[in-house]
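In: Predicted structure and sequence below. I'll ask about it afterward.
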Amino acid sequence: MNNLRSTVATVWRIAIPYFRSEDKVAGRILLAAVIAIELARVAIDVMVNQWQNRFYNALQEYNWESFIWEIGVFVVLATSFIVLSIYQLYLNQWLQIRWRQWMTETYLRRWLSGANHYRMQLKGDAADNPDQRIAEDVKQFIEQTLAITVGLLSSVVTLASFVVILWGLSEAAPLTLFGIEYPVPGYLVWAALLYATLGTVLTHWIGSPLVNLNFEQQRFEADFRFSLVRVRENSEQIAVLRGEGAEQSLLLNRFGSVVGNWYQIMSRTKRLTAFTSSYSQAAVIFPYLLVAPAYFSKKVQLGSLMQTASAFSSVQGALSFFVTAYRTLADWRSTVARLDGFDMSIDSATSLSAEPQTIDVVSHAGDSIDLAQLLLKLPNGLPLVAADGFSIGNNERTLLTGPSGAGKSTLFRAIAGVWPFGSGAISVPSRAKLMMLPQRPYFPIGALKAAIVYPAAADAFSVEQVREALVAVGLPQLADRLDEDSHWNRMLSLGEQQRLGIARALLHAPQYLFLDEATASLDEPSEARLYRVIAERLPQTTVVSIGHRSTLHEFHDRKVELIRDGDRFALRPAGQAADATADGSS
C-alpha cells in the first residue's frame, strides 16, 4: 500500500504541471473530452446489457417484430459506440502529443540549463541514459498514464452501473444448489467480488517481480544501445588499435545482460499469462454455472440469463482491472521510477550550484578575472587546486603549466562556471565574453557553416567571414563545403578539428580565450602560425593557454604553474617556490 501511495504521489508530481502550464486550457479540454467519451461508452454498455435481455427474449418467444426492432436498436448503439471510440482515440492521441511536447521541452530545458547535464555526470547520479528518459520514458509515461487512468475510471463507473443491475438479477435468479434455493441477497455481486479478489491477489503474487525486471530491462537495453553508439563515434580509434575483437566481446557482454534479464521476464510472464488467461476463460462460463439452475427450472428466461452473464462479466471485469492491466501497471511503475530518478538527478545538480560550500562565480565592474580564496575539490571532496589573490588581467597572454592531473582543465571549468565542487569566489568582468576551446572541440552534426559558428545561429556570420576564417587557420579546402551536412567530429582529423576551433574563436572574438591544449595535435610550426593568427586578428583578446611545449613560451608574456603544495596543487608564478606568497603579479 505504501508503494502504491508513493507511486501515485510521484505520478501526480510529474503529470500535474502540464495541466497547470501555459497549455493547460487545451490539455484540460482534451482530457475532459476523453473522460466524457469513456463515460458515454459505459452508458452504451449498460444499454447493450438491457438490450440483450429484450433481444434473447424475442428469440425465445419467436417474436419477429420485436426481433427486427431490437436489430435496429443494436445498429444505433453499435454505430454510436464506434463513432465515440474513433473520436476518443483521436482526442487521446492529440492530448498525448501536446503533453509530450510540453514535457520534452521542459525536461530539455531543465537538463541543459546552467550546465546541469555536465554536473549530473560529475555527481554520478542514477539518471543513466538521459536520452532514453527524454525520448522514450516521457512517451511511455504519458501513454500508460492516460490508459491506466481512463481504464480505472471506466472500471469504477462500470462497477457502479452494473452492480445495481446484477443485484436486481440476483433476486430474479436466486441461488440454487442441488434443487434447493438459498436466499442470498445480491449473491451474484458477492460471487463477482470474491472471484476478482482471488484473481487480484494471485496475480500480484505471481507478477510482482515484473516491476523490477522491466526496470532493469530498460536500463540494460539503453546501456547496450549507448555502447553501440560509442563504437560508432570512436570507430577510427578502434580500427587503428585493431580493437574490434575487444569491442565485440564488450558489446556481447552488455547484450548478455539484456538476454539474461529477458529470459527472467519470459519466465515470469509465462506464469502470469497462464494464470490470467485461465482466469479470463473461467470468467466466461462462471456466471452461466451460477444462473443455469434457475434457468433450467424455468424461473428466468433466456434474456435474463444472457443479461446476467453480461452484467456479471462487466462487474467481474471492472473488479479485475488490476488483473488484466497488471503487465501494463508493472511497466508503468518502472517508467515512473525512471522519470522520478531523472527528476531527482536534475534537481540535485541544480541545487549543487546553490549550496553554501560551492564556488561563487560573480560579475564585477573591473576588467580582470580575479580568484579569491579559491579551493577546487574533486567530486569525492578531496582538495585539488588552491588559488588566492590571483588575477588574469585584460589583454594578457598567460601560459598555464603543471603536471598531468594537477587540475589545469578543472581550473578552466571553474572559471567557466561549470565546476561546482569547492569554495571561494571567481570574479568575472560583467558582460565579458569567455570562450573555452578544449583539446577535442565539439561540432554539432549538420552543415559545416553551422558547426563552425556554433553556438551562434548559422546566419550570425556571413559566408565570406567564415571562409576568411578557414583560410586564416589553414583550411582553405573546406571553404567551398560550408553547406555540406556531415558528422564533422568523425570526418575530420583531430588536427583539422583544432584548426576549426581556432576559426570559431576568430569569428566570435571573445574577450577571454582559454585554450586547453587546443593546438596540441598540430606540429609546432602549425601551432606557432595559429598563435600568430590569434595575436594578429584578436589583439584585444586575453589569452590563457594550457600547454607543455616550450615553443609556446614566446607567444605568452606571463607564465604560471600548478605545483604540489601538501595535499593539493597551488597556482604560482612560474619558478616561485610552493611556500612563497602568491600575489598574482608577474
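Out: Sure, I can see it. Numbering: from 1, shown residues only.
In: What is the longest helix of the protein by residue count?
Out: Looking only at the chain and at elements set by DSSP state H, the helix with the highest residue count is helix 244-296.
In: now for the next helix or strand after that one, which elements pack on it?
Out: Beyond helix 244-296 on the C-terminal side, the first helix or strand identified by DSSP states H and E is helix 302-319. Contacts defined by 3 or more CB pairs under 8 Å, 6 or more residues apart in numbering; DSSP states H and E place helix 302-319 against helix 24-60, helix 138-172, helix 187-207, helix 244-296. (C-beta placed from N, C-alpha, C; glycine too.)
In: would you list these in CSV and tack on distance to residue 215 and mean pLDDT?
Out: Written out in CSV, the entries for the helices and strands packed on helix 302-319 read as follows (distance: least, CB to CB, whole Å; pLDDT from 0 to 100):
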stretch, distance to residue 215, mean pLDDT
helix 24-60, 28, 91
helix 138-172, 12, 85
helix 187-207, 14, 80
helix 244-296, 10, 85
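In: can you tell me which of the ones you listed comes nearest to residue 434?
Out: When these are ranked by distance to residue 434, counting by CB to CB, first place goes to helix 138-172 at 33.6 Å.
In: Just the angle for the closest one relative to helix 187-207, thanks.
Out: Note on geometry: by axes from the mean of the first three to the mean of the last three CA atoms, to 10 degrees, helix 138-172 and helix 187-207 are set 150 degrees apart in direction.
In: Just list what helix 138-172 packs against, helices and strands only.
Out: Helices and strands in packing contact with helix 138-172 are listed as helix 2-15, helix 24-60, helix 64-112, helix 187-207, helix 302-319, helix 321-324, helix 326-352; criterion 3+ CB pairs under 8 Å, 6+ apart.
In: residues in contact with the nearest residue in space to residue 146 that is not next to it in sequence?
Out: Distance criterion CB to CB, 6 or more residues apart in numbering; nearest residue to residue 146, sequence neighbours excluded, is residue 92 at 6.2 Å. Applying CB atoms under 8 Å, 6 or more residues apart in numbering, one finds that residue 92 lies in contact with 34, 146, 150.
In: for residue 365, same thing?
Out: Each residue near residue 365 by CB under 8 Å, 6+ apart is listed here: 429-430.
In: State the distance from it to residue 540.
Out: Distance, residue 365 to residue 540, using CB to CB, to the nearest Å: 18 Å.
In: now do residue 18
Out: Between residue 18 and residue 540 the distance is 48 Å, computed by CB to CB.
In: And these two? Which one has more around it.
Out: A count of neighbours by other CB atoms under 10 Å puts residue 18 above the other of residue 18 and residue 540, at 22 against 8.
In: Distance-wise, check that one relative to residue 34.
Out: Here the criterion is CB to CB. By it, residue 18 lies 14 Å from residue 34.
In: picking up where we left off before, among the helices and strands packed on helix 302-319, single out whichever gets nearest to residue 402.
Out: With distances scored as CB to CB, the stretch of the helices and strands packed on helix 302-319 nearest to residue 402 is helix 244-296 (33.1 Å).
In: Packing partners of the closest one?
Out: Helices and strands in packing contact with helix 244-296 are listed as strand 175-177, helix 187-207, helix 210-233, helix 302-319, helix 321-324, helix 326-352; criterion 3+ CB pairs under 8 Å, 6+ apart.
In: who wins for proximity to residue 370 among the ones you listed?
Out: Checking those against residue 370 by CB to CB gives helix 326-352 as the closest, at 23.2 Å.
In: tell me how far the closest one is from the chain's mean position?
Out: Taking CA atoms, centre = their mean, to the nearest Å, the mean C-alpha location of helix 326-352 is offset from the chain mean by 8 Å.
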